[in-house]
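Peer 1: my questions concern the predicted model and sequence given below.
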Amino acid sequence: MNKYFGIFLVIMMATVKNAGALSVDMDEPRLITADRIEYDVKTESIKTSGNTEIINQSGQRLTLTDSYITQQGDELSGDDIKLWLGNHVYVESDNITRKGDLTIARRATFTACDDCDAYGDAWEISTYKIIHDMETRMLKFYSPVMRTYNIPIMWLPYFEMPDPGVKYKTGFLMPDFASTNKMGTQINIPLYISLSDTHDMTWTFSYLTQENPLFQLEHRLNAAHSEYRTSASFTHNRDGENRWHIFNDDVIELGEYARATIFLERASDKTYLQKYGFYDDQPYLDSGAKLELFGQSSYVVADAHIFQELRQSTRHTAPDGNILPNIRAIHQTAPLFGETYATFSADVLGISGDGTAAQRMIGDARLTTPWTLWGGNRLTASVSTRYDLYHFDNAKMEDGDVYSGFKNRFLPSGYLEWGLPLFKPTDNWTQILEPRARITVMRHLDDEAFADSNDSAGTILTDSTLFSDNRFSGLDVWENGTYADYGVRWAAFNNDGHNIEVFLGQSYDFTEKPESDLNSGFRKGLSDYVGRVSYNNMKWLSVASRFRLNQDNLSLRHMETSANIGTSNNFFNIGHIWSQHLSDELTENTNINEAIVGAGFQLTNRWSVRWNAIYNMELGQFQRHTGGFFYTHPCYYMSVEYRRDNAIKEDYVGTTTFQFRFGMAINGQQY
């Protein structure tokens with residue numbers, strides 16, 4: 001039959017079973033076009049002569065000449081075959097035959113980079129024979145030659161890989177290379193192990209030229225209502241030490257209203273994570289478990305924590321001891337009348353460590369009433385009553401004594417807050433001016449001493465601390481007395497997405513505060529001034545700054561600034577923090593002056609460069625800086641990166657590490 005006569009046969013038979021690298025799925029309607037097509041009714045087979053094209057419903061396309069295909073698809077033969085498996089993926093062969101599950105292509109070429117570049121395929125594999133096994137879904141290449149832009153770069157006697165229809169397959173992944181000035185060259189050889197569609201792991205063997213090998217594991221499991229993630233590493237170094245780490249994070253959904261979390265973070269010592277590249281600026285490692293219960297207006301969480309300290313010097317801000325139990329519950333009622341609602345909360349905490357222990361129980365009830373009055377004035381009144389019960393066992397108290405026994409306290413409080421948002425809309429901009437004030441009354445405790453080991457690490461005055469129910473970071477330290485917060489906020493925005501915000505505020509303490517950090521910004525009477533300024537045009541610029549000014553002379557005490565300039569491809573980011581530290585018995589006289597800088601540029605459609613750094617301006621040196629070149633191609637990717645860490649801690653002295661990565665991509669999936 002002549003193809004120009006328009007013979008398009010849509011047939012419902014299986015020419016080839018199952019989609020595969022050298023197979024076309026014909027368990028669905030397909031289109032066969034040929035110069036001549038013959039159908040043998042007796043043998044139920046198709047024979048084509050001349051140019052033949054077969055297209056199945058999913059879009060896979062096969063061209064060949066002089067083909068023979070059985071109805072069940074268990075036999076296939078043809079010459080000058082070209083099979084497209086995706087947009088840029090094809091197999092080309094002089095001759096192909098198929099019997100059963102085996103498809104054999106001779107003098108074949110495989111590429112996933114067809115027509116990706118105008119000047120040739122980025123990579124292809126040519127071989128004298130490819131065998132595709134439908135049972136194992138593997139492609140086996142005999143004497144393959146790897147070519148890039150038609151230039152041979154590597155030969156192997158044998159190579160195999162899963163076909164593109166396989167989503168997960170056990171096998172070695174592309175290795176990557178690193179070099180460090182402390183441990184020499186590092187070669188990472190990962191082995192991917194697929195256990196099911198929702199369960200897999202990766203074992204990585206790392207060879208180091210100046211240190212013993214490193215073994216790494218990543219385990220992933222997704223179940224119907226839970227997920228489990230584990231990463232770990234181990235080495236027996238040349239000093240005869242066993243060094244290791246394990247991180248685990250499991251989330252288990254216990255129905256619509258409950259969730260459990262199990263987490264584990266542990267390392268053999270303080271410097272292992274940093275030396276072997278697993279460190280992410282963690283001040284300490286946290287292990288434990290958490291149970292959460294949800295309700296429409298209630299929330300309960302019970303958790304336990306065991307800490308491993310990684311810092312050399314922690315001063316008084318570090319978590320001190322292990323936490324078990326830690327139970328918090330909160331319930332908010334529906335409006336009782338008008339917009340008035342009640343909030344009930346409870347807290348149970350146990351801390352133990354170094355032969356000491358402390359347990360507490362806190363119950364709190366609060367009634368809050370908001371009003372909107374004439375002229376847009378808003379008033380919010382709130383009263384609260386709280387009772388604390390503590391038990392101490394050989395606990396060091398804030399006054400220096402060691403105490404065992406019970407302590408309790410009754411802590412009533414209340415506040416009244418006023419605000420008046422004033423709007424001024426125009427054709428171009430809408431402006432908002434909002435003055436705000438709050439007075440808080442609390443029971444004054446003159447000489448109530450509680451333990452050093454508690455959940456309160458002190459307080460620092462910031463713009464976010466104002467107008468809060470508790471200015472301390474925890475519950476153990478009481479605000480102590482009466483104080484007022486006040487400030488004014490101005491904001492403006494337009495239809496183009498531009499928005500500006502300015503805030504300035506202050507706190508006034510009517511009573512003497514208990515001894516606290518000299519650098520907190522609080523004092524008897526007027527506190528320092530705090531504020532923020534921000535601008536965002538929602539396109540290429542975002543700038544924000546928070547600051548604190550000395551109340552006496554308006555000198556700068558603290559400032560944090562961040563700016564993002566550019567787009568996702570071309571950007572410049574800068575962050576800066578400066579804080580003046582005054583010295584007393586609790587604090588060190590060390591100013592903070594630190595800059596964080598990052599930049600990224602898209603050099604071409606495929607080449608990009610990125611760099612970021614943390615620079616300690618007080619010491620005049622980089623704490624850390626990283627950067628690299630990145631190349632992303634539809635068919636492969638590669639990067640060259642470096643990392644310089646100048647930290648010094650115990651046996652760890654800053655290192656420089658270079659890393660090279662390369663991988664191939666097939667239909668967008670990276671290998």
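Peer 2: Looks like it came in fine.

Peer 1: walk me through which strands the helix or strand where G78 lies pairs with, and which way each runs.
Peer 2: Take DSSP states H and E as the rule and G78 turns out to sit in strand 75-84. Strand 75-84 has its sheet partners listed here by DSSP bridges as strand 61-70 (antiparallel), strand 90-99 (antiparallel).

Peer 1: list the buried residues for the last one?
Peer 2: Read that as strand 90-99. Y90, V91, E92, S93, I96, R98 (16 or more other CB atoms under 10 Å). Any C-beta I mention is one placed from the backbone N, CA and C, and that applies to glycine too.

Peer 1: residues in contact with the first one?
Peer 2: By that I understand Y90. Residues near Y90 by CB atoms under 8 Å, 6 or more residues apart in numbering: K82, L83, W84, F110, T111, D114.

Peer 1: how about the third one?
Peer 2: Contact criterion CB under 8 Å, 6+ apart gives I81, K82, L83, A108, T109, F110 as the residues in contact with E92.

Peer 1: quick one: the second one and T65 touch, right?
Peer 2: No: in terms of CB atoms under 8 Å, K82 does not count as a neighbour of T65; the distance is 10.5 Å.

Peer 1: now list the buried members of the contacts of E92.
Peer 2: For the contacts of E92, a burial check counting by 16+ other CB under 10 Å picks out I81, K82, L83, A108, T109, F110.

Peer 1: on that earlier part again, hey, least reliable of the strands paired with strand 75-84 by pLDDT?
Peer 2: Sorting the strands paired with strand 75-84 by mean pLDDT places strand 61-70 lowest, at a mean of 77.

Peer 1: show the contacting residues for D496.
Peer 2: Residues counted as contacts of D496 (CB under 8 Å, 6+ apart) are N537, M538.

Peer 1: are we agreed that it is in a strand?
Peer 2: No: counting by DSSP: H, G, I helix; E, B strand; the rest coil, D496 is located in no strand; its state is coil.

Peer 1: tell me the centre residue of this protein?
Peer 2: The residue lying closest to the centre of the chain (CA atoms, centre = their mean) is D280, at 11.7 Å.

Peer 1: the host helix or strand of Q431 pairs with which strands, parallel or anti?
Peer 2: Following DSSP H and E, one finds Q431 within strand 429-442. Counting by DSSP bridges, the strands paired with strand 429-442 are strand 402-419 (antiparallel), strand 422-425 (antiparallel), strand 482-494 (antiparallel).

Peer 1: quick one: contacts of the longest one?
Peer 2: The set of residues that contact strand 402-419 without belonging to it, under CB under 8 Å, 6+ apart, is 377-397, 434-443, 445, 448, 450-451, 467, 469, 478-479.

Peer 1: what about these, which are in strands?
Peer 2: Among the contacts of strand 402-419, DSSP state E puts 378-396, 434-442 in strands.

Peer 1: rewinding a little: quick one: pLDDT of the residue nearest to the centre of the chain?
Peer 2: We have a pLDDT of 80 for D280.

Peer 1: assumed it was part of a strand.
Peer 2: No: counting by three-state DSSP, D280 is located in no strand; its state is coil.

Peer 1: what's the burial count for the nearest residue to it once chain neighbours are set aside?
Peer 2: Distances taken as CB to CB, 6 or more residues apart in numbering place L273 nearest to D280, at 8.0 Å, with adjacent residues excluded. Using other CB atoms under 10 Å, the number of residues around L273 comes to 22.

Peer 1: contacts only, for L273.
Peer 2: Going by CB under 8 Å, 6+ apart, L273 touches H245, A267, Y279, D280, Q282, L310.

Peer 1: show me which of the residues you listed are buried.
Peer 2: Among the contacts of L273, those buried by neighbour count (16+ other CB under 10 Å) are H245, A267, Y279, L310.

Peer 1: among these, find the lowest-pLDDT one for me.
Peer 2: Minimum confidence in the buried ones among the contacts of L273 sits at Y279, scoring 84.

Peer 1: what sits closest to that residue if chain neighbours are left out?
Peer 2: Spatial nearest neighbour of Y279, chain neighbours left out: L273 (4.0 Å); criterion: CB to CB, 6+ apart.

Peer 1: pLDDT averaged over the helix or strand harbouring the one you found - what is it?
Peer 2: In the assignment (DSSP H and E), L273 maps to helix 272-275. For helix 272-275, the mean per-residue pLDDT is 90.

Peer 1: that one: how far from the chain's middle?
Peer 2: Distance of helix 272-275 from the chain centroid (CA atoms, centre = their mean, to the nearest Å) equals 20 Å.

Peer 1: equivalent analysis for stretch 91-103, please.
Peer 2: The chain centre lies 45 Å from the centre of stretch 91-103; the measure is CA atoms, centre = their mean.

Peer 1: stretch 287-306 now?
Peer 2: Put simply, stretch 287-306 sits 22 Å off its chain's centre (CA atoms, centre = their mean).

Peer 1: for that stretch, give me every contacting residue.
Peer 2: For stretch 287-306, contacts defined as CB under 8 Å, 6+ apart pick out 256-266, 286, 307-308, 319, 322-334.

Peer 1: apply 6 Å and report the result again.
Peer 2: With contact meaning CB atoms under 6 Å, 6 or more residues apart in numbering, stretch 287-306 is reached by 257-262, 264-265, 286, 322-332.

Peer 1: where do the strands sit along the stretch 101-250 of the chain?
Peer 2: Secondary structure of the stretch 101-250 of the chain (DSSP state E, counting those that start in this stretch): strands at 102-111, 124-133, 138-142, 145-148, 151-155, 158-162, 171-172, 176-180, 184-196, 199-208, 214-223, 226-236, 242-253.

Peer 1: give me the sheet partners of the last one and which way each runs.
Peer 2: With DSSP bridges as the test, strand 242-253 is paired with strand 226-236 (antiparallel), strand 258-267 (antiparallel).

Peer 1: can you list phi and psi of V502 for me?
Peer 2: phi -140, psi 130 (degrees, to the nearest 10).

Peer 1: okay, it: pLDDT?
Peer 2: 97.

Peer 1: now for the closest residue in space to it that isn't next to it in sequence, how many residues are close by?
Peer 2: Closest residue in space to V502, ignoring its immediate chain neighbours: W490 at 4.8 Å, by CB to CB, 6+ apart. When neighbours are defined as other CB under 10 Å, W490 has 15 of them.

Peer 1: can you tell me how far W490 is from K167?
Peer 2: W490 sits 55 Å away from K167, going by CB to CB, to the nearest Å.
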